[in-house]
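Chemist: Dropping a prediction and its sequence here:
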Amino acid sequence: LQFLYLIDSYLTGRRDASWGRRVMIVSGARRTAAIAARACGVRWFSTPIGTDAGEVPQVGEQKYAEVLRRLDDLEARLLAVQPMFGAVEDLEAEDFSKYVTQWEYFTRRKQSLIALEDLIPSDGVATADHVINFARYLHHEIPIRLSHRGNDLDRLPYGLSHMRPVRTVKSWYFQSFVHMRRLSEPKTIDDVVRLLPTLRTVLERHSRTLEHLAKGAFDLKRALRPTADLTMLHSGAEPVDRHLQRRAGHKIWTLSNLPKLQDFLNDFNTSRIGTRFLLAHAMELMVQVGTREGWLNEAEAEGLRYSTFDHEPDSFVGLVCQKLDAKKVVDLAAAQVTSEAHKVYGIAPKISVQAAGSVEDVIFPPLYLNTMTGELLKNAVRAVIEKHGRYGCQEGDPIKVTVCVSEKKNLSVRVEDNGGGIKRSLLPLAESYLYTTAPPAYTDLDRAVDPKNPAAASVSPRSSLLMSASSPFAGYGFGLPVTKCIAEYFGGSFQLVSQEGHGTSAYLFLQPAAQLGKKLA
């Protein structure tokens, strides 16, 4: 790996015209070619300096093909490692090699599954011992999950893994992996206190992950147009299959047309939700216990809190509220979306929130309910404004939200609007990544992120579970698909019903933590 670290900038290769008999590797990769040839049992012959400055083996077709395969494998590994270079500035070559070796080891380990009910003590009160045990679990588990997510990015189909926004995301995963591995296993409360800033840094660093993935996928979407210029993509290699591009025609290209990518993003986002939930839940739990038992002062706790909602503090265990007032959370989401709409459009339609019966004492993380409801309301607000205009959008009750809790404490939320609905032919695309009727929101993505401090663009890790605080009102095409991922992660479901010509109804069905028997990813 130290060798790969040194040759990254000048690894090149060229095949000569006589297929199956000779291979010429230019001087920059001579040592690499020699390694591959020796691994295949090929004798390596030197050529005089000043002719072609290379080394030429005399081999048969089978050995020649094996040499090329070894070189391809080496190049593939190098491409996988390359985004990690420079991710951690103070790493020397030896340390870099050590952490990449650890990374590759952790990618082969299985991540453990945990149920939401396992995160809540049986008596509902967390103690210092509970916090220390949870910190040990994170110290073991989070590096596995980070390496898995980074490794997943190397397997993106259609060349997406080589695009600059995606490679940037991988560098963040490696940086977070190194920071977690540098910490010793927590055994005392002092170790837990030292862990807290790292957890916050990791959460902040990855707050723009979805925006970068959306940017990379959007570049792919543009490249699939028959008239597209592939040089616009951030990659040195040809990133898109030409046959795939020719096949594109004049289709509406969303990721539903690319099932491999659609499935990958669903799996990736579900796993990402799980990792961020564990990190945020741990931070909240440590802050709650720390302030109660006195090993964190209020000033320290305020800078580390991830989620704040108007509920009794004693009703929370980490992110999970054991006496959640669902209507109060939805009211907050409506107020936040209304404020955003005024900033973007200068006006906002009325949002009416009603509770069908008692909607209190639900066991659920309010942050996730707030995020999912907010995304549904954003879509409704934009549809109503575009359908009825700046003044017509305020007539009557254009957006109605109904919150309901069943006898078994199952929670459901319905968001109805009169924004004209979705055409039946386009309804299957609504839950597909990248489908959006808003202008793409990628203009300032690269400028907004400092590569040495990617978290600087986000005000706080609690600003949004989907996008950073600086995200636009619409335009990424990730809102509904990721909302569906969150609902399914917590054992629920999401459904979209359109009455073309009138409006759309979106439904969230969620289970309380007490009924979640399945293991979370």
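Modeler: Thanks, I have the structure now. Numbers count the residues shown, from 1 in each chain.
Chemist: Look through this protein and tell me its longest helix.
Modeler: helix 259-293 (DSSP state H).
Chemist: which residues are in contact with the very next helix or strand once past that helix?
Modeler: Sequence-wise, the next helix or strand downstream of helix 259-293 (DSSP states H and E) is helix 298-304. Helix 298-304 has contacts (Cβ atoms under 8 Å, 6 or more residues apart in numbering) with 196, 200, 283, 286, 287, 290, 291, 296. (Each C-beta comes from the backbone N, C-alpha and C, glycine too.)
Chemist: at 7 Å what do you get?
Modeler: 196, 200, 283, 287, 290, 291 (Cβ atoms under 7 Å, 6 or more residues apart in numbering).
Chemist: Please, where are all the strands along this protein?
Modeler: 45-46, 55-56, 316-317, 320-324, 351-356, 362-364, 399-405, 411-417, 493-499, 503-510 (DSSP state E).
Chemist: And the helices in the stretch 101-250 of the chain?
Modeler: All helices of the stretch 101-250 of the chain, identified by DSSP state H, counting those that start in this stretch, fall at 128-154, 164-181, 189-205, 209-223, 242-248.
Chemist: okay, now the residue nearest to residue 139 when sequence neighbours are not counted: neighbour count?
Modeler: Closest residue to residue 139 apart from its sequence neighbours, by Cβ to Cβ, 6 or more residues apart in numbering: residue 185 at 5.3 Å. By other Cβ atoms under 10 Å, 10 other residues sit near residue 185.
Chemist: before we move on, the earlier item: which helices and strands sit right next to the longest helix of the chain?
Modeler: helix 128-154, helix 189-205, helix 298-304, helix 479-489 (3 or more Cβ pairs under 7 Å, 6 or more residues apart in numbering; DSSP states H and E).
Chemist: Would you mind putting the CA coordinates of the last one into PDB?
Modeler: This file holds the C-alpha atoms of helix 479-489, laid out as PDB (Å, rounded to 0.1, in the frame of the first residue of the first chain):
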ATOM      1  CA  GLY A 479     -36.900  14.000  -0.700                       C
ATOM      2  CA  LEU A 480     -39.700  11.400  -1.200                       C
ATOM      3  CA  PRO A 481     -37.400   8.400  -1.800                       C
ATOM      4  CA  VAL A 482     -35.400   9.100   1.400                       C
ATOM      5  CA  THR A 483     -38.700   9.800   3.300                       C
ATOM      6  CA  LYS A 484     -39.800   6.300   2.300                       C
ATOM      7  CA  CYS A 485     -36.500   4.900   3.400                       C
ATOM      8  CA  ILE A 486     -36.900   6.500   6.900                       C
ATOM      9  CA  ALA A 487     -40.500   5.200   7.200                       C
ATOM     10  CA  GLU A 488     -39.500   1.700   6.300                       C
ATOM     11  CA  TYR A 489     -36.400   1.800   8.500                       C
END
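Chemist: rewinding a little: include distance to residue 181 and mean pLDDT when you put the strands of the chain into CSV, please.
Modeler: Output for the strands of the chain, formatted as CSV (distance: least, Cβ to Cβ, whole Å; pLDDT from 0 to 100):
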stretch, distance to residue 181, mean pLDDT
strand 45-46, 42, 40
strand 55-56, 39, 44
strand 316-317, 28, 86
strand 320-324, 28, 87
strand 351-356, 46, 94
strand 362-364, 33, 87
strand 399-405, 43, 95
strand 411-417, 39, 96
strand 493-499, 36, 93
strand 503-510, 35, 95
